[in-house]
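Peer 1: Here is my input; please provide its structure:
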Amino acid sequence: MVSCRTQRSIEKLIEKYATAFGKPTLTVHSLRHSFATRYHLENNDVPRLKNQLGHSSIQTTMIYTHLTDEEMRKAVNNMDK
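Peer 2: Residues are numbered from 1 along each chain as shown. Predicted coordinates for the structure are as follows:
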């Protein structure tokens with residue numbers, strides 16, 4: 001686990017570079033959500049994602065994965081193949 005001091009240092013770095021690159025709303029939290037969603041789309045492996053994020057429950061992990069209606073529709077349609 002990362003210490004609070006180190007966590008804040010990382011947050012400050014993200015804030016600094018996000019602002020420098022014109023993305024002031026970018027945060028560690030939004031990066032974490034983006035990573036989780038992308039990982040889920042690419043790998044569809046929730047147990048491994050749970051471990052990557054350090055969660056103790058899959059329910060918590062699922063909060064971090066954001067699938068669009070179109071992505072869910074494609075998943076259902078793929079079941080017919």
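Peer 1: From the rest of the structure, what touches the one helix or strand Ser9 maps to?
Peer 2: Using DSSP states H and E, Ser9 sits within helix 4-20. Contact partners of helix 4-20, identified using Cβ atoms under 8 Å, 6 or more residues apart in numbering, comprise 2, 24-28, 31. The C-beta positions use only the backbone N, C-alpha and C, and glycine is treated the same way.
Peer 1: Looking at those, which are in helices?
Peer 2: 28, 31 (DSSP state H).
Peer 1: Emit the ChimeraX select command for whichever of the contacts of helix 4-20 are buried.
Peer 2: Here is the ChimeraX command that picks out the buried ones among the contacts of helix 4-20, judged by 16 or more other Cβ atoms under 10 Å:
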select :26,28
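Peer 1: can you put the contacts of helix 4-20 in a markdown table and add distance to His55 and pLDDT?
Peer 2: Rendered in a markdown table, the data for those read as follows (distance: Cβ to Cβ, whole Å; pLDDT from 0 to 100):
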| residue | distance to His55 | pLDDT |
| --- | --- | --- |
| Val2 | 15 | 61 |
| Pro24 | 28 | 90 |
| Thr25 | 25 | 91 |
| Leu26 | 22 | 93 |
| Thr27 | 19 | 93 |
| Val28 | 16 | 92 |
| Leu31 | 16 | 91 |
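Peer 1: And the contacts of helix 4-20, which two are furthest apart?
Peer 2: Val2 and Pro24 (23.4 Å; Cβ to Cβ).
Peer 1: circling back to that earlier point, of the contacts of helix 4-20, which is the nearest to Arg73?
Peer 2: Among these, and counting by Cβ to Cβ, the member closest to Arg73 is Leu31, at 26.9 Å.
Peer 1: give me every residue that touches that closest one.
Peer 2: Ile14.
Peer 1: Look up the closest residue to Arg32, ignoring the ones flanking it.
Peer 2: Using Cβ to Cβ, 6 or more residues apart in numbering and skipping residues adjacent in sequence, the residue nearest Arg32 is Tyr64, 6.6 Å away.
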